[in-house]
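S.K.: okay, sequence plus prediction incoming.
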Amino acid sequence: MLLVVLVLFTLPFGWQGVTNIILMLVFLNAIIGFKHQNWKGAFTSPLFLVSAFFLLWHFTSLLWAQNTAEGFLQIETKLSFLAAPL
């Protein structure tokens, strides 16, 4: 919880290096925490499935997009929605 608070604290100041290091620590903490949990349950949760469908919807919308560079940038931004429910 402390790491998330640190990330939220550093974001407005623009300390990208510090924020990136803290985000890597949050990711490592999540990986270690998931080691003890059931991964199959995480991938079949309704929240994960809705997030995956949301991302799939954006990928299919790129088929009709004229500005694909902006589309890929938007998908990159929305990838956190896929990782957050895990």
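M.R.: Structure received.

S.K.: now do the contacts for residue 25.
M.R.: By C-beta atoms under 8 Å, 6 or more residues apart in numbering, the contact set of residue 25 is residue 3. To be clear about C-beta, it is placed using only N, CA and C from the backbone, and glycine gets the same treatment.

S.K.: that one and residue 47, how far apart?
M.R.: The gap separating residue 25 from residue 47 is 23 Å, by C-beta to C-beta, to the nearest Å.

S.K.: which is the succeeding secondary structure element to the lowest-mean-pLDDT helix or strand in the chain?
M.R.: Least confident element among the helices and strands of the chain, by mean pLDDT, DSSP states H and E: helix 39-43 (a mean of 67). Toward the C-terminal end, the helix or strand that comes next after helix 39-43 (DSSP states H and E) is helix 46-61.

S.K.: now find how far off-centre the helix or strand following that following helix is within its chain.
M.R.: Per DSSP H and E, the first helix or strand lying C-terminal to helix 46-61 is helix 68-83. Here helix 68-83 shows a centroid-to-chain-centroid distance of 10 Å under the convention C-alpha atoms, centre = their mean, to the nearest Å.

S.K.: same thing with stretch 12-22?
M.R.: Its chain's C-alpha centre and that of stretch 12-22 lie 17 Å apart, by C-alpha atoms, centre = their mean.
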